[in-house]
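Trainee: turn this into a model:
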Amino acid sequence: MKRLLPLLILIGLAAAPAGCIPATTPAPTATATATPTPDPDSWNLVWADEFEQPDGSAPDPEKWIHQHGGSGWGNAELEYYAESRDVSYIENGMLVIKADRAPGTGHDYTSARMNTLYKADWMYGRIEIRAKLPNTQGIWPAFWMLPSKVTYGTWPAGGEIDIMEMIGKEPGRVHGTLHYGNPHTFTGGTFDLPDGETFADDFHVFAVEWDETEFRWYVDDQLYYSKSDWFTSYKDSAYPAPFNQKFYLLINMAVGGYWPGNPDESSVFPQYLYVDYVRIYQHPQ
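Mentor: Residues are numbered from 1 along each chain as shown. All right, here's what the predicted structure looks like:
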């Protein structure tokens, strides 16, 4: 996720005390529809989660781990990330992440942050997620990637790949970004829906194609940004470092922070992030 200084590297955040997540009402129903996938002659599907477990199930623990904590995550965020099925669950063949107010818990909001660290990681390929996004001031959903090992030093020198970020005050715009270097450098592009549409109105496919010398960002297979130059400040490490190593995937929905700003009197909760699928493709060897 995009960060503004000062930034903190947060390690070993404690889990929420038992019973701190209040009971909540079920999410509104969302229905996914079929979307074309990349040409099978060009790409091989190497990993996927179609979220086909029974309604009310937790996300597949063989594929995902949950992160916990509520100390701002380096961005002055307001949510506590929990593992409760109140905030992440399967419904209608989709992953649902729910962000809601959390009175009486010691935290302003609850939400979920999931990743594939120690489960699956990749170097190069097409990373594709089909999702319907939330829409209110202060909300911040993201699909992104971090390096699995500290090969080129800690963040930001080790790199970060933001496949999709959206902030609530711009509900019709998404961002694709690379972070790298020390001092911190980030470069990226944006995609805007036409005619006042928002990403909460329907499902869209967000993808990045990543090879040794280029990144390409897409929404619904429309190319909107590419990047072929970057650097790392790690000693004796030449281009294409740091993006020549394996990265793992993260999905989260933050509330508040330096970039989106905090919820205000116009904000509506709960908010829902619906993920129809996650698919990883690579070229045949």
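
Trainee: when you work out contacts or count neighbours from here on, use the C-alpha atoms and nothing else.
Mentor: OK.

Trainee: quick one: contacts for Phe143?
Mentor: 162-165, 249-252 (Cα atoms under 8 Å, 6 or more residues apart in numbering).

Trainee: sec struct for it, please.
Mentor: Three-state call for Phe143 (DSSP: H, G, I helix; E, B strand; the rest coil): strand.

Trainee: name the nearest residue to it, ignoring sequence neighbours.
Mentor: With sequence-adjacent residues excluded and distances taken as Cα to Cα, 6 or more residues apart in numbering, Phe143 is closest to Ile251, at 4.8 Å.

Trainee: what's around that neighbour, how many residues?
Mentor: 22 (other Cα atoms under 10 Å).

Trainee: returning to that earlier point: from the contacts of Phe143, which would you call buried?
Mentor: Using 16 or more other Cα atoms under 10 Å as the burial test, the contacts of Phe143 include 162-165, 249-252 as buried.

Trainee: any low-confidence regions in the stretch 1-150 of the chain?
Mentor: 1-41 (pLDDT under 70).

Trainee: quick one on the thing from earlier: a markdown table please, covering the contacts of Phe143 and showing pLDDT.
Mentor: Shown next, in a markdown table, are the contacts of Phe143 (pLDDT from 0 to 100):
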| residue | pLDDT |
| --- | --- |
| Asp162 | 98 |
| Ile163 | 98 |
| Met164 | 98 |
| Glu165 | 98 |
| Leu249 | 98 |
| Leu250 | 98 |
| Ile251 | 98 |
| Asn252 | 98 |
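
Trainee: ok, residues contacting stretch 120-130?
Mentor: 63, 148, 163, 203-212, 244-249, 275-283.

Trainee: so who does the closest residue to Asp192 other than its chain neighbours touch?
Mentor: In space, and not counting its chain neighbours, Asp192 is closest to Arg173: 4.5 Å by Cα to Cα, 6+ apart. Neighbouring residues of Arg173 by Cα under 8 Å, 6+ apart: 166, 190-193, 198-199.
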